[in-house]
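Trainee: Structure, please.
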Amino acid sequence: MRRGGALASGLVRNQELLDHAKPYWNYEDIGVFFLVLVLLGSVLRFLVRLHLLQRSELTDPSFGLQFAVVASLSVALYLVLKIRHHQPVLQPLGWVWPRTAHIVIALLGGLFLASGVALYLNFRSQSQPPLGVVELLVLGFVLGPVLEESFFRGCLLPLLAKTIGNPAAVILTALLFALLHQPSNLAHWVSFTATGVAYGWIRVASRSTTAGALMHATYNLVLFLSDTF
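Mentor: Here you go, the predicted model:
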């Protein structure tokens with residue numbers, strides 16, 4: 001009797017996990033988030049006109065401005081989903097701890113990706129934009145992966161997968177991810193798209209955005225170390 005009850009309980013928990021994995025949001029929510037992004041850009045340009053912000057900050061933002069923008073957009077994504085749907089946000093976005101195997105794959109994947117991209121960019125005589133240690137730790141290792149993985153792999157990928165399937169969703173989100181970083185040449189397009197595909201694959205395979213963020217953060221750290229040393 002206990003065994004049957006335990007089995008039923010386990011099936012209920014598994015069903016709850018599957019239900020949490022299904023996106024309850026829609027493309028309208030994506031549009032609202034992009035509206036927030038546009039409004040934020042308008043606010044920054046207005047601050048420039050009032051001489052409260054240097055015009056150069058729009059093309060070469062300081063660490064403080066990058067921190068403020070990334071943090072604001074992270075909060076905005078959370079609030080858009082929370083206010084519009086009144087449901088939990090973090091777990092449905094995939095912020096759950098993955099299995100140990102996926103953690104290992106994410107860490108090793110980030111290491112090998114960064115090594116491969118560093119060799120590729122060196123072969124093409126290209127380089128990544130320089131980052132300071134503080135910028136790396138705060139933006140490249142924590143906030144950047146959190147925002148980008150929350151939106152691209154946590155929010156957008158599952159929604160696209162319902163429409164066009166997982167493989168096409170992974171590729172499309174990788175291309176949009178590359179576009180976000182405004183690559184200036186083919187080498188950067190290739191590196192951003194390839195890493196975007198890897199983050200999307202680990203997200204689908206593990207059902208965890210955390211795994212993608214771990215791979216993303218490891219990639220940023222290793223690439224920074226390779227450029228430094």
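Trainee: so what does the helix or strand containing Val104 touch, helix or strand wise?
Mentor: Using DSSP states H and E, Val104 falls within helix 100-123. Under the contact criterion of 3 or more C-beta pairs under 8 Å, 6 or more residues apart in numbering; DSSP states H and E, helix 100-123 touches helix 186-206, helix 209-228. In short, each C-beta sits where N, CA and C put it, glycine included.
Trainee: where's it relative to the chain centroid, distance-wise?
Mentor: 16 Å (C-alpha atoms, centre = their mean, to the nearest Å).
Trainee: Name the residue closest to the centre of the chain, please.
Mentor: The centroid of the chain falls nearest to Glu149 when counting by C-alpha atoms, centre = their mean (1.7 Å).
Trainee: list the contacts for that residue?
Mentor: Shown in contact with Glu149 (C-beta atoms under 8 Å, 6 or more residues apart in numbering): Tyr199, Arg203, Thr209, Gly212, Ala213, His216.
Trainee: Let me have the helices and strands packed on helix 100-123 in a markdown table, extended by distance to Gly109, mean neighbour count and mean pLDDT.
Mentor: Shown next, in a markdown table, are these (distance: least, C-beta to C-beta, whole Å; neighbours: other C-beta atoms under 10 Å; pLDDT from 0 to 100):
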| stretch | distance to Gly109 | mean neighbour count | mean pLDDT |
| --- | --- | --- | --- |
| helix 186-206 | 6 | 21 | 93 |
| helix 209-228 | 5 | 23 | 90 |
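Trainee: can I get those in TSV with distance to Pro88?
Mentor: Listed next are those as TSV, based on distance: least, C-beta to C-beta, whole Å:
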stretch	distance to Pro88
helix 186-206	18
helix 209-228	14
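Trainee: among the ones you listed, which is nearest Val38?
Mentor: Closest approach to Val38 among the helices and strands packed on helix 100-123 is made by helix 186-206 (22.4 Å; C-beta to C-beta).
Trainee: quick one: that closest one to helix 209-228, angle?
Mentor: 150 degrees (axes from the mean of the first three to the mean of the last three C-alpha atoms, to 10 degrees).
Trainee: What helices and strands are in contact with helix 186-206?
Mentor: Applying 3+ C-beta pairs under 8 Å, 6+ apart, we find helix 186-206 packed against helix 100-123, helix 157-164, helix 166-180, helix 209-228.
Trainee: what's the most buried one of the ones you listed?
Mentor: Mean neighbour count (mean count of other C-beta atoms under 10 Å) peaks for helix 209-228 among these, with a mean of 23.
Trainee: Could you check the angle that one makes with helix 100-123?
Mentor: Helix 209-228 and helix 100-123 meet at an angle of 30 degrees, taking the same axes, to 10 degrees as the criterion.
Trainee: ok and helix 209-228 relative to helix 166-180, angle-wise?
Mentor: Our comparison of helix 209-228 with helix 166-180, counting by the same axes, to 10 degrees, yields an angle of 40 degrees.
Trainee: quick revisit: how about JSON lines for the contacts of Glu149, with distance to Leu223 added?
Mentor: Formatted as JSON lines, the contacts of Glu149 follow (distance: C-beta to C-beta, whole Å):
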{"residue": "Tyr199", "distance to Leu223": "14"}
{"residue": "Arg203", "distance to Leu223": "20"}
{"residue": "Thr209", "distance to Leu223": "21"}
{"residue": "Gly212", "distance to Leu223": "16"}
{"residue": "Ala213", "distance to Leu223": "16"}
{"residue": "His216", "distance to Leu223": "11"}
